[in-house]
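> only geometry, no sequence info:
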């Protein structure tokens, strides 16, 4: 307790409080004075808390402080876990209640300032559903949510700029350096002008130099246009090759295929597409929705400090311990029916994973086949350009039925 009081007194004597306390004078404060000190610390974190508590009802003071402490995520320690006891301690200015609060606030003042600032804009006002039936109220609520999202984006960009390493002093130095360079270039141009004026026909030579510069710029522009047109032509040729390749494949399939093989191929394709639509894609969509919901929940919450992360980590460890204990109890019971069911579940899970893996493998194989067909088409066109002939594929090399070699 003495270390706690010493920490509080040391911080209250510093900026911005400058209370000029010592251990004896601070410990001898009246309950009303102690509450005023707590209120001053809260006002430093949130300027809206600047109040003279002598002009405020005790219940109103306790309610206001409890509301802000809840936003700041303060949890009463030790024997103050009972909220009624904690609330009563705030009303009466009890030292066992006020001292831990002061110690907690003064440890993380800058972090809590940021949290209180964000809470003003990120704590959403819940509008009852019956009021949202009104179009005006619904539109206003929608604008409110859009502005909240815009604030999140702007605040994130502001934080990134603060941590990016840029500073106004560096920018000013860069500006002054560029101005000095500008002055030096102006002086250099003036010197060159004076030297040129002594040359005969300098006006005509300057005119020719300007024309040369204009023509060079035009040449660069035309070269850039030529390169762009080459790229467009290359992409157009690639699209043409893909379409021609697809047309050849469709013609071969129509010429050689039988109705039974076509039906079988269509049935297989329908089965594969049905599996993708009814099983694989819905699972992936559900997983993405869960991930999106989790990320939105994380973004909507105020920024977490190091102490909050430690607290969450301790909860995770505790829950993992409970899970391990439950697993051990279940293994000790070792019920035969449950064992059979778990075996069937395991087999079904393995089959499901194999099915998903094969579907992904089939999809990758299709993409690889399409890529190879495009590559074959490109090579065929290159060969045709070299010698004017076309290389026959395996199917094209066969003689038609009834024709003798």
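Yep, that arrived. Predicted model, so just to flag it, every value in this text is computed and none were measured.
> in the stretch 101-250 of the chain, which ranges drop under the pLDDT threshold?
Along the stretch 101-250 of the chain, segments meeting pLDDT under 70 span 164-167.
> quick one, helices of it?
109-122, 135-163, 168-197, 202-256 (DSSP state H, counting those that start in this stretch).
> now for those helices, which one comes closest to residue 351?
helix 202-256 (32.8 Å; CB to CB). Glycine gets a C-beta too; all of them are placed from N, C-alpha and C.
> Quick one: distance of the one helix or strand residue 325 maps to to the chain centre.
Element membership for residue 325, per DSSP states H and E: helix 306-333. Between the centre of helix 306-333 and the centre of its chain there are 29 Å (CA atoms, centre = their mean, to the nearest Å).
> who does the next helix-or-strand element following that helix touch, helix- and strand-wise?
Next helix or strand after helix 306-333 toward the C-terminus (DSSP H and E): helix 336-387. Counting contacts by 3 or more CB pairs under 8 Å, 6 or more residues apart in numbering; DSSP states H and E, helix 336-387 is packed against helix 202-256, helix 259-275.
> Out of those, the one nearest residue 370 is which?
Once the helices and strands packed on helix 336-387 are compared by CB to CB, helix 202-256 is nearest, at 8.7 Å.
> circling back to that earlier point, let me have the helices of the stretch 101-250 of the chain in CSV, extended by distance to residue 46.
Converted to CSV, the helices of the stretch 101-250 of the chain look like this (distance: least, CB to CB, whole Å):
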stretch, distance to residue 46
helix 109-122, 4
helix 135-163, 17
helix 168-197, 28
helix 202-256, 58
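> can you give me the end-to-end distance of stretch 46-64?
Stretch 46-64 stretches 12 Å from its first residue to its last (CA to CA, to the nearest Å).
> Tell me the buried residues in the helix or strand containing residue 84?
Per DSSP H and E: residue 84 is located in helix 83-92. Within helix 83-92, the residues scored as buried using 16 or more other CB atoms under 10 Å are 86-87, 89-92.
> so what secondary structure elements neighbour that helix?
Packing partners of helix 83-92 (3+ CB pairs under 8 Å, 6+ apart): helix 58-71, helix 95-107.
> for those helices, which one ends up most surrounded?
Comparing the helices and strands packed on helix 83-92 by mean neighbour count (mean count of other CB atoms under 10 Å), helix 95-107 ranks first with a mean of 18.
> quick one: that one to helix 58-71, angle?
40 degrees (axes from the mean of the first three to the mean of the last three CA atoms, to 10 degrees).
> all numbers from here: first residue = 5
Renumbered: residue one is now 5, and that last one reads helix 99-111.
> and the helix holding residue 88, what's its mean pLDDT?
For helix 87-96, mean pLDDT is 82.
> Can you tell me what sits against that helix?
Contact with helix 87-96 is made by 35, 39, 62-63, 65-66, 69-70, 80, 83-84, 98, 100-102, as judged by CB atoms under 8 Å, 6 or more residues apart in numbering.
> what's the lowest-pLDDT member of those residues?
residue 84 (47).
> Go through the helices and strands packed on helix 87-96 and name the closest to residue 242.
Going by CB to CB, the one of those nearest residue 242 is helix 62-75, 58.9 Å.
> Could you measure from residue 304 over to residue 76?
17 Å (CB to CB, to the nearest Å).
> okay, these two: which has more neighbours?
Remark: of residue 304 and residue 76, residue 76 carries more neighbours, 20 against 13, as counted by other CB atoms under 10 Å.
> can I get the helices and strands packed on helix 340-391 in TSV with distance to residue 189 and mean neighbour count?
Below are the helices and strands packed on helix 340-391 laid out as TSV (distance: least, CB to CB, whole Å; neighbours: other CB atoms under 10 Å):
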stretch	distance to residue 189	mean neighbour count
helix 206-260	17	11
helix 263-279	67	11
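> Identify whichever of the ones you listed lies nearest to residue 127.
Among the helices and strands packed on helix 340-391, helix 263-279 comes nearest to residue 127, with 45.3 Å by CB to CB.
> just the angle between the next helix-or-strand element following that closest one and helix 340-391, please?
Counting by DSSP H and E, the next helix or strand C-terminal to helix 263-279 is helix 285-304. With the same axes, to 10 degrees as the basis, helix 285-304 and helix 340-391 are set at 100 degrees to each other.
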